[in-house]
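Undergrad: fold the following for me, if possible:
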Amino acid sequence: SDCEITDPDLGTNITACSSSTSELDAGSGYTSYAWYKNNSLINGETGQTLDADSGTFRVEVTNAAGCNASASIEISNYAVPNPDLGPDISLCGVSGGIIELDAGAGFNTYSWSSGGSSQTEEVSEANTYIVTVTDANNCTGSAEIVVDGGEFEGLDLERDTTVCEGDNVVLNVEHPNAIS
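TA: Have a look, this model is predicted:
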């Protein structure tokens, strides 16, 4: 009983960014499709295509004559790039009121929420800044940092006082975030 069936073809092995999926296509002309990931049947996946993440995928097909064939493919992942902006920071006491944020070297592209496209970004306003980078594999990753203003808000001096050289004066400063 010679069975005639064209083998499905899932193509060559794939390496993709770890957060992405790849569409596998077993080809048309079969009456049934069964998809497996790492040798376990994927329940409910009985179509010609499969959105696959990473692992070893196999499709088993049957044609109208009842003949069976299969194909498999390995999908591995590139690591997602991991820029690091360091710990959150304050503008308080910073010389010139400008902080240079640095996403680190080695990425192909940089995109800052504040508009820049370089490895570093100079900022002078309190805000949350996000950088998104793309690496040589065209995978993206991002990091964020909070820059706070560090201003004393609601500072209230009760009255103006004239102080002459040699006089002493006591300033009473109450601030909810002050360290006493």
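
Undergrad: which of the helices or strands spans residue 72?
TA: Residue 72 belongs to strand 68-78 when elements are defined using DSSP states H and E.

Undergrad: beyond that strand, next helix or strand please.
TA: Counting by DSSP H and E, the next helix or strand C-terminal to strand 68-78 is strand 89-90.

Undergrad: what helices or strands is that following strand leaning on?
TA: On a contact count with 3 or more CB pairs under 8 Å, 6 or more residues apart in numbering; DSSP states H and E, strand 89-90 meets strand 140-148. C-beta: built from backbone N, CA, C; applies to glycine.

Undergrad: what does the strand it packs on rub up against?
TA: The contact list for strand 140-148 (CB atoms under 8 Å, 6 or more residues apart in numbering) reads 17, 80-92, 99, 101, 103, 123, 125-135.

Undergrad: the same query, at a cut-off of 6 Å, please.
TA: Outside of strand 140-148, the residues within contact range by CB atoms under 6 Å, 6 or more residues apart in numbering are 80-85, 88-90, 123, 126-134.

Undergrad: what subset of those is buried?
TA: Neighbour-count burial (16 or more other CB atoms under 10 Å) applied to the contacts of strand 140-148 gives 80-81, 83, 85, 89, 123, 129, 131-134.

Undergrad: bridged to residue 140, which residues?
TA: In this entry, residue 140 is beta-bridged to residue 134, by DSSP bridges.

Undergrad: need the pLDDT of the most centrally placed residue in the chain.
TA: Residue closest to the average C-alpha location in the chain (CA atoms, centre = their mean): residue 141, at 3.5 Å. pLDDT recorded at residue 141 is 94.

Undergrad: one more: residue 111?
TA: We have a pLDDT of 97 for residue 111.

Undergrad: could you list the low-pLDDT ranges of this protein?
TA: The model of the chain has pLDDT under 70 over residues 1, 150-180.

Undergrad: show me what contacts residue 15?
TA: Shown in contact with residue 15 (CB under 6 Å, 6+ apart): 76, 78.

Undergrad: coming back round to it: list the buried ones in the strand holding residue 72?
TA: So for strand 68-78, counting by 16+ other CB under 10 Å, buried means 69, 71, 73, 75, 77.

Undergrad: looking at these, which is nearest residue 55?
TA: Checking the buried residues of strand 68-78 against residue 55 with CB to CB, the nearest one is residue 75 at 6.3 Å.

Undergrad: good, wrapping up.
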